[in-house]
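Asks: Following is a predicted model, sequence given first.
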Amino acid sequence: MKESKINVIFAGAGPGEPDLITVKSMNALKTADLIIYAGSLMPEAVLCWKGRETVTKSSAGMDFHQIIDTIKTYHDEGKRIVRLHTGDPALYGAIFEQMRELEKLNIPYEVIPGVTAAFAASAKMNMKYTLPEVTQTLILTRISGRTPVPESENLEKLASHKASMAIYLSIGHVQKVQQILEKHYGKESLCAIAYKVSHPEEKIIHTKLSRLVKTCEENKITRHALIIVGKVVEAGFKKNEILKSKLYDSIFSHGYRSAEK
């Protein structure tokens, strides 16, 4: 593997389980002089890949300027820095403003993707987000709270599509989420609460939308959870008979195979 000359790397840590980090991010951690990690969100077990001499700093108690100043200090000394974000750095992180600030300082960087919680959850649930003629769309979103959501993307409008949906960062507004989802998916529809997926405390709970709030209360889930909804949840949970993909259908031709006659 060709060694990168870039000394600042934004890396996705995955959902929590150390083995779900990418090989590229793992190698970055092994060779880093400094790792700044999201200590309030990821388990320290992910740091098992770091080198013996690597310095680690949790960003939980740091503000934006402290993070950037620390990166700049180590970069100016020729050190290798990994800014470790939970899941995938592109989704619901503070990566954008950090990248822009490094560009102002003429500090080059690289981004390594990671596994986001929605895909770790579907794997644990043995579930597909897309099923032939059921849904071919997955929406990753959140409800408006302290961080506003554009009006054109509010949960009410997105839920009207009745597509598969993974709702992040919204457990604190679960009552409002339940009301909206009930309206569009139906009170009897099955949903899933995926709490700390791939962490030791992981819980994946299936419940009807009418009991979403109650289920969160019973299990004391107030943060660190996704709400997953759509026909695919029930199909995966009940092992429903569904329409099969045409890709491997013997009567379906494509560029690599001719259909049986």
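Replies: Everything's here; your move.
Asks: where exactly do the strands run in the stretch 1-150 of the chain?
Replies: Ranges of strands within the stretch 1-150 of the chain are 8-12, 34-37, 55-58, 81-85, 110-112, 138-142, based on DSSP state E, counting those that start in this stretch.
Asks: gap between the fifth one and the chain center?
Replies: Meaning strand 110-112. With CA atoms, centre = their mean, to the nearest Å as the basis, strand 110-112 stands 16 Å off its chain's centre.
Asks: any weak-confidence spans in the stretch 151-261 of the chain?
Replies: 239-261 (pLDDT under 70).
Asks: again, only using 50
Replies: The stretch 151-261 of the chain contains no residues with pLDDT under 50.
Asks: Now do the helices in it.
Replies: 155-159, 174-185, 212-218, 231-238 (DSSP state H, counting those that start in this stretch).
Asks: got it, and the stretch 1-150 of the chain?
Replies: For the stretch 1-150 of the chain, the helices defined by DSSP H, counting those that start in this stretch cover 23-31, 64-76, 95-104, 117-124.
Asks: gap between the residue nearest in space to the middle of the chain and residue 12?
Replies: Nearest to the mean C-alpha position of the chain, counting by CA atoms, centre = their mean, stands residue 116 at 2.5 Å. Counting by CB to CB, to the nearest Å, the gap from residue 116 to residue 12 is 8 Å. Heads up, the C-betas are built off the backbone N, CA and C, glycines and all.
Asks: Kindly tell me how buried residue 69 is, as a neighbour count.
Replies: By other CB atoms under 10 Å, 12 other residues sit near residue 69.
Asks: err, residue 223, not the other one
Replies: Other residues close to residue 223 by other CB under 10 Å number 10.
Asks: what residues are up against the closest residue in space to it that isn't next to it in sequence?
Replies: Closest residue to residue 223 apart from its sequence neighbours, by CB to CB, 6 or more residues apart in numbering: residue 171 at 5.8 Å. When contacts are counted by CB atoms under 8 Å, 6 or more residues apart in numbering, residue 171 touches 216, 221, 222, 223, 224, 225, 227.
Asks: Can you give me the neighbour number for the nearest residue to the first one once chain neighbours are set aside?
Replies: Distances taken as CB to CB, 6+ apart put residue 174 closest to residue 216, at 5.3 Å, once the chain neighbours are dropped. One way to gauge burial is a neighbour count; for residue 174, by other CB under 10 Å, it gives 22.
Asks: OK, contacts around residue 174?
Replies: By CB under 8 Å, 6+ apart, the contact set of residue 174 is 212, 213, 216, 227.
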